[in-house]
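1. Take this sequence and fold it.
(2 chains, ligands or ions: 1)
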Amino acid sequence: MDLDEIREAFAFFDGWEDKYRFVIDLGKDLPNLNDAHKVPANLVRGCQSQVWLLTELRGGRMRFAIDSDAQIVRGLIAIILTVFQDRTPHEVRAFDIEGLFAELELIKHLTPTRGNGLRAMVARIHQEAERTALD
Amino acid sequence: MASSLDISGDFPILVRQVNGQPLTYLDSAATTQKPQAVIDAIRRYYEHYNANVHRAAHLLADEATAAMEAARAKVASLIGAGEARELIFTRGTTEGINLAAACLTDRFEPGDEVLITEMEHHSNIVPWQLLCQRSGAALTACRVTPSGEIDLEDFHAKLGPRTKLVALGHVSNALGTVNPVAELVEAAHRQGALALIDGAQAVQHLDVDVGRLGCDFYAFSAHKLFGPTGIGALYGKAALLEDLPPYQGGGEMIEHVSIERTTYNQLPYKFEAGTPNIAGAIGFGAAVDYFSDLPCQALREREAALVNQAVSHLKQIPGVRMVGEPRERASVVSFLIDGGHPHDFGTLLDQQGIAVRTGHHCAMPLMERLGIPGTIRASFALYNSATDVERLVAGVEKAIEFV
Ligand SMILES: Cc1ncc(COP(=O)(O)O)c(C=O)c1O
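-> Purely as a prediction, here's the structure:
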C-alpha cells in the first residue's frame, strides 16, 4: 500500500474504530523481524512498547526492517515505511512525518511523552539518514 | 444514599470529554484529580496572602505562615502523627524516601543490610541502592509470590541481625496488594532494624495511623490524595529526626550561621532548606480538609465493591488474565489480554474515553519476577462510579474485537 492509498482510506473513515482497525490490519501485513535480530543492540528505547530497527544503505537508498511487540505500533511503522522505505537519506530527512501524522490525526502517537517508542524510532531513522548522508 | 456517596461533582475535570467521549478516569494511582476546594485554596493563597513564610514582620507573611503550619498539623493528624514537628514537607514520596536514605547513610557500614521487597516502586529501591553505594551496605529484596503478595517466609528468612533497615510499600501501585506492614514493622524492630513505609498508595484507601503501625518513617504524596503535585510529607519519629544530620543546607533550616559553623533549626525546619512549596502545602491542607469531611468509610466500601466488580467482570471475559490476586486489595486492578500488547489496549481504551495506565508502573523488578513486560492497570479513587466499571468492561470487550 502506498501513501496515496493510505490517504484515500483515511478520508473515508468515520470514527476511530475504522481508523484503528485499518492501522492494526496494516500492522498484520508488516513482515516480522527474525528473532535473531531482536537483540538489545537493535532495540529503540521506549518504555511503553519495544521497537527493533535495522537499517542499511543499498544503492544509495535506505532499507529498513522494523518490528514491534505492539500491534498498533506495527501499523504505524507500516505507515512510516511507506514514506521512508527505499528513499535516499536526503529524502528521508526532508519528509515531514509529523505533518503526515497530524493530517491523519495520529499525531498523539508522535508527541513527546515519556516512553514514546515511535517518536524515538523516527529520531533514530533521522540520525541514521544524517549519518549516512555524511559518509 | 447513592447520591450522597457520589462525590464526582466536586471534581471539575471529571465532566470533561476526551476523544469525543465522556471521561472515565481510572488512573488515580498515578495521580488523583483535584476537587474544587483544593483548586480554590491555592488560588486564594496567591490572590490574597502570598508571602514568604517564617521570615517577615508583616501581615501577609503571618497569614501565609499560619496557613502553612495549619496544613502541617492537618496532615500530621491525618496519619496519626503525635506532633506536627514530626511531619516534614517534601516534594513527594520520592523525595521523602531520598531524604531518609541520605540522612541515614552515616549509620550504615559494610556488612549492614537494607531489606526491601521485589514489589517496591522504583522510588523505594533506587534511594537504597544509592545509600548502599555510599556506605558499602548491601541491598536485599524479599520475594513476591505468584499471587502478588510478600513471601512472608522469605521475608523472615532474609530479616536478620545484619538488617539495619526495612523499607516496604504499604499498598502496591502495580497490583493493589495491601501488605501486612504493622506485623513486618514489628518483626524489623525485634531485629533492631528501623522501618520505613512507602505510603504513596495507601493514604487514600486505608486508615493510616503511624502510631499503630509503629514505623519509624512514613512517606507519601499529596497528589495521590486529591492534593497538588510537588508536595508530600515524610513522617519520622521525633527522637530519630533529632538525631539525624540535616538533608540539605540553606535558608530556613538554620538557627545561626557563621562562616566557621552553623547550628540547625529545630524540627521540622532542620529538614526543610529553602523557601518551601507554600501554595502546595496549603493545597495539601485543603485536600486533607476535603478528605476528612467525606464519609470516608462508606466511600471506601463503595470503592472496594467497584474494584471487586471490575475484577469479577474482567475475569469473565475470555482472554483476560488478572495479574496479582492478593487476598487484600486496594484500588488497583492489573491485567493482561491475550493476543495484544498492553499498549494496544491502552490506546484502544483511550479512544473510548477510558484513561488507564499501561507498562511496568515503575516496578520493573516486580514485572521481572512475574515474568511479564507490563500490565494494563485500572486504578480507582473515591470519586469513581459503577458507570466507570461498566465502561471499562465494555471498553475491554470492544478493544478485544480489534486484535
Ligand atoms: C508505591 C509508590 N511509591 C512511590 C511513588 C512515587 O511518588 P511520587 O512520584 O509522588 O514521589 C509512587 C507513585 O507513583 C507509588 O505509587
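2. What residue in chain A comes nearest to chain B?
-> Closest residue of chain A to chain B, CB to the nearest CB: A:A70 (3.8 Å). Where C-beta positions appear, they are placed from N, C-alpha and C, glycine not excepted.
3. Quick check: the gap between that residue and B:P295.
-> When distance is defined by CB to CB, to the nearest Å, A:A70 is 42 Å away from B:P295.
4. Comparing these two, which shows the higher neighbour count?
-> A:A70 (27 against 13; other CB atoms under 10 Å in any protein chain shown).
5. I'd say the residue of chain A closest to chain B and B:L348 touch.
-> No. A:A70 is not in contact with B:L348 according to CB atoms under 8 Å; the separation is 11.1 Å.
6. which ones are touching B:D289?
-> By CB atoms under 8 Å, 6 or more residues apart in numbering or on different chains, the contact set of B:D289 is B:A37, B:K74.
7. How about B:E328?
-> B:T177, B:V178.
8. Equivalent analysis for B:G192, please.
-> Counted by CB under 8 Å, 6+ apart, B:G192 has contacts B:P161, B:K164.
9. Next one: it from B:D112, what distance?
-> B:G192 is 11 Å from B:D112, by CB to CB.
10. Overlap of the contact sets of those two?
-> B:K164.
11. what about chain A, any weak spots by pLDDT?
-> A:46-47, A:114-115, A:135 (pLDDT under 70).
12. where along it do the helices fall?
-> For chain A, the helices defined by DSSP state H occupy A:3-12, A:16-29, A:71-84, A:89-94, A:97-103, A:117-134.
13. now, of those, which is deepest in the fold?
-> helix A:71-84 (a mean of 23; mean count of other CB atoms under 10 Å in any protein chain shown).
14. Surely B:D209 and B:I79 touch.
-> Yes. B:D209 lies in contact with B:I79 (CB under 8 Å); the separation is 7.0 Å.
15. So the two - more neighbours on which side?
-> B:I79 (22 against 14).
16. mind checking how far B:E109 is from B:L131?
-> In terms of CB to CB, B:E109 sits 11 Å off from B:L131.
17. picking up where we left off before, would you tell me which of the helices of chain A gets closest to the ligand?
-> helix A:117-134 (21.0 Å; CB to the nearest ligand atom).
18. what about that closest one, near chain B?
-> No. Using CB under 8 Å from any CB of the partner chain, helix A:117-134 stays clear of chain B, coming no nearer than 8.5 Å.
19. got a list of contacts for that helix?
-> Counting by CB under 8 Å, 6+ apart, A:44-51, A:53, A:55, A:57, A:62, A:64, A:66, A:68, A:73, A:76-77, A:80, A:84, A:89-90, A:92-93, A:97, A:109-112 sit against helix A:117-134.
20. CA atoms of that helix as PDB?
-> C-alpha atoms of helix A:117-134 as PDB (Å, rounded to 0.1, in the frame of the first residue of the first chain):
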ATOM      1  CA  GLY A 117       9.000   4.500  21.400                       C
ATOM      2  CA  LEU A 118       7.600   5.500  18.000                       C
ATOM      3  CA  ARG A 119       9.000   9.000  18.400                       C
ATOM      4  CA  ALA A 120      12.300   7.600  19.400                       C
ATOM      5  CA  MET A 121      12.300   5.400  16.400                       C
ATOM      6  CA  VAL A 122      11.700   8.300  14.000                       C
ATOM      7  CA  ALA A 123      14.500  10.200  15.700                       C
ATOM      8  CA  ARG A 124      16.800   7.200  15.200                       C
ATOM      9  CA  ILE A 125      15.800   6.900  11.500                       C
ATOM     10  CA  HIS A 126      16.700  10.600  11.100                       C
ATOM     11  CA  GLN A 127      20.000  10.100  12.800                       C
ATOM     12  CA  GLU A 128      20.800   7.200  10.500                       C
ATOM     13  CA  ALA A 129      19.800   9.200   7.500                       C
ATOM     14  CA  GLU A 130      22.100  12.000   8.600                       C
ATOM     15  CA  ARG A 131      25.000   9.700   9.400                       C
ATOM     16  CA  THR A 132      24.600   8.000   6.000                       C
ATOM     17  CA  ALA A 133      24.400  11.300   4.200                       C
ATOM     18  CA  LEU A 134      27.700  12.400   5.800                       C
END
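21. Give me the three-state assignment for B:P326.
-> Classification of B:P326 by DSSP: H, G, I helix; E, B strand; the rest coil places it in coil.
22. neighbours of it, just the number please.
-> B:P326: 19 neighbours (other CB under 10 Å).
23. correct me, but it touches B:V178?
-> Yes. Contact criterion CB under 8 Å: B:P326 and B:V178 qualify, at 7.0 Å.
24. Quick check, the residue in chain B closest to chain A?
-> For chain B, CB to the nearest CB, closest residue to chain A: B:H341, 3.8 Å.
25. contacting residues for that residue?
-> A:S49, A:D69, A:A70, A:Q71, A:V73.
26. again, 10 Å this time
-> Neighbouring residues of B:H341 by CB atoms under 10 Å, 6 or more residues apart in numbering or on different chains: A:48-50, A:68-74, B:347, B:358, B:373-374, B:376, B:403.
27. what does A:R7 give?
-> A:L100, A:E103, A:L104.
28. Get me the contact residues on the stretch 301-403 of chain B for the ligand.
-> Residues of the stretch 301-403 of chain B found near the ligand (CB under 6 Å from any ligand atom) are B:C362.
29. quick one: the helices in the stretch 301-403 of chain B?
-> B:342-350, B:364-370, B:386-402 (DSSP state H, counting those that start in this stretch).
30. Now the ones you listed in TSV, please, with extra columns for mean neighbour count, distance to B:T31 and mean pLDDT.
-> Formatted as TSV, the helices of the stretch 301-403 of chain B follow (neighbours: other CB atoms under 10 Å in any protein chain shown; distance: least, CB to CB, whole Å; pLDDT from 0 to 100):
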stretch	mean neighbour count	distance to B:T31	mean pLDDT
helix B:342-350	25	17	94
helix B:364-370	19	20	95
helix B:386-402	18	17	97
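31. which one of those lies closest to B:T140?
-> Closest of the helices of the stretch 301-403 of chain B to B:T140 is helix B:364-370, at 12.3 Å (criterion: CB to CB).
32. Any chance you could list what contacts the closest one?
-> A:47, B:116-122, B:125, B:141, B:143-146, B:148, B:172-175, B:177, B:323-324, B:334, B:336, B:359-361, B:363, B:372-375.
33. Good, wrapping up.
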